[in-house]
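J.: task: produce atomic coordinates for the following.
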Amino acid sequence: MADHKAVAARLAPLGFSQAPPRAHLNLPPAALVEHALRREEGQLTDTGALMCDTGQFTGRSPKDRFIVQDAGTAESVWWGDINIPFAPAQFTQLHQKMVAYLADKEIFVRDAYAGANPDYQLKLRVVNELAWHNLFCYNLFLRPEAEADTTWAPDFSIICAPGFEADPAVDGTRQKNFAIINFTEKLILIGGTAYAGEMKKGIFGVLNYLLPHQHQTLPMHCSANVGAQGDTAIFFGLSGTGKTTLSTDPARGLIGDDEHGWTPEAGIFNFEGGCYAKVIDLNPAKEPEIWDAIRFGAIVENTRFRPGTHTVDYANKSVTENTRTAYPLHFIPNAVVPSVGAAPQHIFFLTADAFGVLPPLSKLDRSHAMYHFLSGYTAKVAGTEMGIVEPQTTFSACFGQVFLPLHPTRYAEMLGQKMDENPDVQVWLVNTGWSGGSYGTGQRLKLAHTRAMIAAALSGVLSEVNFRTHPIFGVAVPGAVPGVPTEILDPRHTWRDKDAYDRTATELAEKFIKNFEKYAEFANADILAGAPKVAVEV
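T.: Numbering: from 1, shown residues only. Just a heads-up that it's a prediction; the model follows:
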């Protein structure tokens, strides 16, 4: 048990008049695993990982995520369905209720930070009702050195109590679960849900607000790696596009798999100290680094054992398809420590185009880069969700719309500024989806070909090839890529019915334009210049 005075001193600024009688401070992973097992919060797998369930909520609940609307945020936050306003008085009331709820509970307190670059770090304090949640925070946030003084006044804090449920009629929430960010109080309240990702993404949302304001730093929902020569690459992409798979390269060091900042002068840095990877259908042959990282100290969420064993059945979707693992970054053998890198030389936008019309690889100029960044396109295919019988477009601004407190055009303009400051950076659009026709007719592009295209872009060999401009989307398509059949580079050539390609490409272009209408009045001329042309010119 931690020194009671040390815990009380840390909790006082968070509204606790005294520390609960059973409070643990900065426990190491082994102790947290012991507490989790004692409290029946989970079970050990045969690899030593802790397997836990998140209960009713197996993912984030965007409609129950709020930001306190006060004098500091009223004019700066992008209010709407993404950032739902919450009254300061009701936040105070809910905060007091949560503190009272935890007063006699066993709790787990952790000092951590976000931001691998010391000049941009956010000092954190987390209060957890669950031991495994505290282990999650140990894994995902950055860990102070063993002898570091962490009696700091935190820059932001989290109180997470899944057992506490709000009363919507009284507390102003939509339902019993909630995640509320208060930028004035520098506090996040999470209750009624045990989905651990709410904590990680809460801090990501905080950094997405603070970094552009305070440091002219672009926060990015991307993975990042670095080559032997120090060349940094970043990968943006929504779920199912291959962001984690394509950035995990044994020949390149992994800076991070999800959240990074791009500073004015010092390159990029990882916000986190760990990885939170999907494990549905995890295969050791395809993703050996993730497979080997699931060992003692790691967590697996909402998975199930094979009958009669403690071996995880990664194909089991009985709880959710959003099964995940959380582990420290250093569990990956080629992890870069500290997780920082130079300004990126290559940026990859990954999209799984189920319509089969985007080129498998294309190069974007500044305008097209900002436009596609702001669009954040991919497509869902039949069978991925109930009711989907044909490809459906999905647009998520900046490839992470649900985490953006500011208007998306602010981030797109910052990307353009970064490209101006780093004129050698090259931006690529990579289609990891279909070719030769839409989903159901065409074929999924081979992973080996996608890897070869990315490798070619990284190596610089594409500077020696000719590019042609796509007549609808305006992107530059290479005429040849080593290791890739030339005939697949021009998507129109892969379709038997060329008129059908033209119609489908026009339909997708119209979807881009329709989606962009909500940004048009805020977007500058440079961004608007990246829009596709609806008229087909063959």
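J.: so where's the stretch 401-538 of the chain shaky on pLDDT?
T.: The stretch 401-538 of the chain contains residues with pLDDT under 70 at 535-538.
J.: the closest residue to residue 533 other than its chain neighbours: helix or strand, and which one exactly?
T.: In this structure, residue 533 finds its nearest non-sequential neighbour in residue 472, 5.7 Å apart by CB to CB, 6 or more residues apart in numbering. Using the backbone N, CA and C atoms, a C-beta is placed for each residue, glycine as well. Using DSSP states H and E, residue 472 sits within no helix or strand.
J.: count of residues packed around residue 472?
T.: By other CB atoms under 10 Å, the residues close to residue 472 number 23.
J.: quick one: residue 198 is in a strand?
T.: No - in this structure, residue 198 is helix, not part of a strand, as judged by DSSP: H, G, I helix; E, B strand; the rest coil.
J.: any idea how far residue 137 is from it?
T.: As judged by CB to CB, to the nearest Å, residue 198 and residue 137 stand 12 Å apart.
J.: what sits up against the worst-scoring helix or strand of the chain on mean pLDDT?
T.: For the chain, scoring each helix and strand by mean pLDDT, DSSP states H and E identifies helix 243-247 as the least confident one, at a mean of 85. Here helix 243-247 makes contact (CB atoms under 8 Å, 6 or more residues apart in numbering) with 222-225, 233, 235-237, 254, 257, 277-278, 286-287, 290, 348, 350, 430, 432, 447, 450-451, 454.
J.: just stretch 32-47 next, same as before
T.: Outside stretch 32-47, the residues that touch it by CB under 8 Å, 6+ apart are 24, 27, 50-53, 106, 108, 130-132, 134-135, 138, 294-297, 299-300, 305, 309-312.
J.: mind checking which of those residues are buried?
T.: Listed as buried from these are 24, 27, 50-53, 106, 108, 130-132, 134-135, 138, 294, 297, 299-300, 312; burial here means 16 or more other CB atoms under 10 Å.
J.: just the ones of the contacts of helix 243-247 in strands?
T.: 222-225, 233, 235-237, 254, 277-278, 348, 350, 430 (DSSP state E).
J.: what is the helix or strand hosting residue 369 packed up against?
T.: If you go by DSSP H and E, residue 369 is part of helix 366-375. Judged by 3 or more CB pairs under 8 Å, 6 or more residues apart in numbering; DSSP states H and E, the packing partners of helix 366-375 are strand 346-351, helix 408-421, strand 426-431, helix 498-520, helix 525-528.
J.: go through the ones you listed and name the closest to residue 213.
T.: Closest approach to residue 213 among the helices and strands packed on helix 366-375 (CB to CB): helix 408-421, 9.8 Å.
J.: and for that closest one, what's in contact with it?
T.: With CB under 8 Å, 6+ apart as the test, helix 408-421 has contacts from 78, 212, 216, 218-219, 262, 264, 343, 366, 369-371, 373-374, 397-398, 401, 404, 425, 427, 519, 522-524, 526-527.
J.: again, only this time at 7 Å
T.: Outside helix 408-421, the residues that touch it by CB atoms under 7 Å, 6 or more residues apart in numbering are 212, 218, 262, 366, 369-370, 373-374, 397-398, 401, 404, 425, 519, 522-524, 526-527.
J.: CA atoms only: put it into PDB for me.
T.: Extracted C-alpha coordinates of helix 408-421, given in PDB (Å, rounded to 0.1, in the frame of the first residue of the first chain):
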ATOM      1  CA  PRO A 408     -10.900  20.100 -39.500                       C
ATOM      2  CA  THR A 409      -9.700  22.800 -41.900                       C
ATOM      3  CA  ARG A 410      -7.400  24.000 -39.100                       C
ATOM      4  CA  TYR A 411      -5.500  20.700 -39.300                       C
ATOM      5  CA  ALA A 412      -5.500  20.600 -43.100                       C
ATOM      6  CA  GLU A 413      -4.100  24.100 -43.300                       C
ATOM      7  CA  MET A 414      -1.400  23.100 -40.800                       C
ATOM      8  CA  LEU A 415      -0.500  20.100 -43.000                       C
ATOM      9  CA  GLY A 416       0.000  22.500 -46.000                       C
ATOM     10  CA  GLN A 417       2.200  24.700 -43.800                       C
ATOM     11  CA  LYS A 418       4.300  21.700 -42.800                       C
ATOM     12  CA  MET A 419       4.700  20.900 -46.500                       C
ATOM     13  CA  ASP A 420       5.800  24.500 -47.100                       C
ATOM     14  CA  GLU A 421       8.400  24.300 -44.300                       C
END
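J.: so what's the gap between it and the chain middle?
T.: Computed by CA atoms, centre = their mean, to the nearest Å, the chain-centroid distance of helix 408-421 equals 19 Å.
J.: buried sites along it?
T.: Residues of helix 408-421 classed as buried by neighbour count (16+ other CB under 10 Å): 408-416, 418-419.
J.: angle of it against strand 426-431?
T.: Helix 408-421 and strand 426-431 are oriented at 130 degrees to each other (axes from the mean of the first three to the mean of the last three CA atoms, to 10 degrees).
J.: angle of helix 408-421 against strand 346-351?
T.: Using the same axes, to 10 degrees, the inter-axis angle of helix 408-421 relative to strand 346-351 is 150 degrees.
J.: let me see the contact set for residue 276.
T.: Residue 276 neighbours (CB under 7 Å, 6+ apart): 140, 197, 200, 258, 324, 326.
J.: again, only this time at 10 Å
T.: Going by CB atoms under 10 Å, 6 or more residues apart in numbering, residue 276 touches 136, 139-140, 196-197, 200-201, 244, 257-259, 299, 301, 324-327.
J.: that one and residue 301, how far apart?
T.: According to CB to CB, residue 276 and residue 301 sit 9 Å apart.
J.: now do the shared contacts for those two.
T.: Residues touching both residue 276 and residue 301 (CB under 10 Å, 6+ apart): 136, 196-197, 324-326.
J.: which single one of these is nearest to residue 497?
T.: Closest approach between the shared contacts of residue 276 and residue 301 and residue 497, by CB to CB: residue 324, at 41.0 Å.
J.: can you tell me which residues contact the closest residue to the closest one other than its chain neighbours?
T.: Nearest non-adjacent residue to residue 324, counting by CB to CB, 6+ apart: residue 301, 4.7 Å away. Counting by CB under 10 Å, 6+ apart, residue 301 touches 42, 50-54, 58, 132, 136, 194-197, 276, 279, 319-320, 322-326.
J.: let's see 7 Å
T.: By CB under 7 Å, 6+ apart, the contact set of residue 301 is 52, 54, 196, 323-324.
J.: equivalent analysis for residue 116, please.
T.: Residue 116 sits next to 142, 269-270, 338-340 when contact means CB under 7 Å, 6+ apart.
J.: list buried residues within those residues.
T.: Listed as buried from the contacts of residue 116 are 142, 269-270, 339-340; burial here means 16+ other CB under 10 Å.
J.: circling back to that earlier point, in JSON lines: the contacts of residue 116, plus distance to residue 443, pLDDT and secondary structure.
T.: Putting the contacts of residue 116 into JSON lines (distance: CB to CB, whole Å; pLDDT from 0 to 100; DSSP: H, G, I helix; E, B strand; the rest coil) gives the following:
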{"residue": "142", "distance to residue 443": "42", "pLDDT": "98", "secondary structure": "strand"}
{"residue": "269", "distance to residue 443": "39", "pLDDT": "98", "secondary structure": "strand"}
{"residue": "270", "distance to residue 443": "35", "pLDDT": "98", "secondary structure": "strand"}
{"residue": "338", "distance to residue 443": "42", "pLDDT": "96", "secondary structure": "coil"}
{"residue": "339", "distance to residue 443": "37", "pLDDT": "97", "secondary structure": "coil"}
{"residue": "340", "distance to residue 443": "39", "pLDDT": "97", "secondary structure": "strand"}
